[in-house]
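Colleague: Okay, sequence plus prediction incoming.
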There are 2 protein chains.
Amino acid sequence: MKKSKQKNLEKAGWRVGDAQEFLGLSDEEAALIAMKQKLIQLVREIRGDQSLTQVALAELLHSSQSRVAKLENGSSDVSLDLIVRALFAMGVSHQQVGKAISSS
Amino acid sequence: MKKSKQKNLEKAGWRVGDAQEFLGLSDEEAALIAMKQKLIQLVREIRGDQSLTQVALAELLHSSQSRVAKLENGSSDVSLDLIVRALFAMGVSHQQVGKAISSS
DNA sequence: TGCAAATATGTCAGATGTGATATATAGTTA
DNA sequence: TAACTATATATCACATCTGACATATTTGCA
């Protein structure tokens, strides 16, 4: 966003900032969300590579298709625990998980 | 596994048994537990390095001393989310977290 | 030793995460 | 077009995780 534009918006009463600021997230909350997103991306990748349906992954996970869908769409009611379990259920290694986190 | 280790795990709420029983745990459950242990170890290390008390970490985390104690003792009612938030609250980088997981 | 700080343990009500189920919405193929 | 497969969304009862608090135990030091 251009500085001039932002100035005009602020003059008009809007507060302008980034998503983190807007949502009032602390740094560690923001970091956790970024990490989750990276791992979710990995879940989608691996599931694609293995040509698994959401139903098939749900079975490996002992969960349900709807929960896998929510997981992959980053629903806020999905824990980091479940995301990581999904990865391990597909046979992803600790190394792969660690690497994904390192680059998040 | 050493008897003392097993005792500690059971004290913390985990069920630990012989090889057969252990195989009853799904692979992803076992992998997740190993990963948690590694990250818990990192929490203790970092908190030591920064000379923080459990109370001080609890404040950074917006949590309580008792929960930090349970976290560090690997209580089964502590989520991966909380462990990772504790690390980020102490300023640990994604890279450090990823590295710890890679080696778990 | 005795005191104080740090850590551990127990409990609980409320918040959040869970699998299951039903149903809706694509996308695909006959 | 209909039938089928995959994914998305909504809801719910139940389980788990949470911070808070009280209290016990351990640790370190004067």
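Modeller: Arrived safely, thanks for sending. Numbering: from 1, shown residues only, chains lettered A, B, ... in the order given.

Colleague: which strands and helices sit next to the longest helix along chain A?
Modeller: Longest helix in chain A, counting residues (DSSP state H): helix A:27-49. Contact here means 3 or more Cβ pairs under 8 Å, 6 or more residues apart in numbering or on different chains; DSSP states H and E; on that basis helix A:27-49 packs against helix A:65-72, helix A:80-89, helix A:94-102, helix B:80-89, helix B:94-102. The C-beta positions use only the backbone N, C-alpha and C, and glycine is treated the same way.

Colleague: What distance do you get for residue A:58 to residue A:42?
Modeller: From residue A:58 over to residue A:42 the distance is 17 Å, taken as Cβ to Cβ, to the nearest Å.

Colleague: hang on, the earlier thing: what's the angle from the longest helix of chain A to helix A:80-89?
Modeller: Computed by axes from the mean of the first three to the mean of the last three Cα atoms, to 10 degrees, the angle separating helix A:27-49 from helix A:80-89 equals 30 degrees.

Colleague: Which element is encountered next along the chain beyond helix A:27-49?
Modeller: Next along the chain after helix A:27-49, taking DSSP states H and E as the criterion, comes helix A:54-61.

Colleague: avg pLDDT for that next one?
Modeller: Helix A:54-61 comes out with an average pLDDT of 97.

Colleague: And stretch A:18-31, by the same measure?
Modeller: Mean predicted lDDT for stretch A:18-31 stands at 77.

Colleague: Can you get me a residue count around residue A:25?
Modeller: 15 (other Cβ atoms under 10 Å in any protein chain shown).

Colleague: Please verify my assumption that it contacts residue A:33.
Modeller: Yes: counting by Cβ atoms under 8 Å, residue A:25 does reach residue A:33; the two are 7.2 Å apart.

Colleague: ok, back up a step: how about the helices and strands packed on helix A:27-49 in a markdown table, adding mean neighbour count, distance to residue A:19 and mean pLDDT?
Modeller: Formatted as a markdown table, these follow (neighbours: other Cβ atoms under 10 Å in any protein chain shown; distance: least, Cβ to Cβ, whole Å; pLDDT from 0 to 100):
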| stretch | mean neighbour count | distance to residue A:19 | mean pLDDT |
| --- | --- | --- | --- |
| helix A:65-72 | 17 | 20 | 98 |
| helix A:80-89 | 22 | 20 | 98 |
| helix A:94-102 | 19 | 21 | 98 |
| helix B:80-89 | 22 | 17 | 98 |
| helix B:94-102 | 19 | 18 | 98 |
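
Colleague: The most centrally placed residue in chain A and residue B:87, how far apart?
Modeller: Using Cα atoms, centre = their mean, the residue of chain A that lies closest to the mean C-alpha position is residue A:37, 1.9 Å off. As for residue A:37, its distance to residue B:87 is 17 Å (criterion: Cβ to Cβ).

Colleague: Can you name the residues that contact residue A:52?
Modeller: By Cβ atoms under 8 Å, 6 or more residues apart in numbering or on different chains, residue A:52 lies in contact with A:60, A:90.
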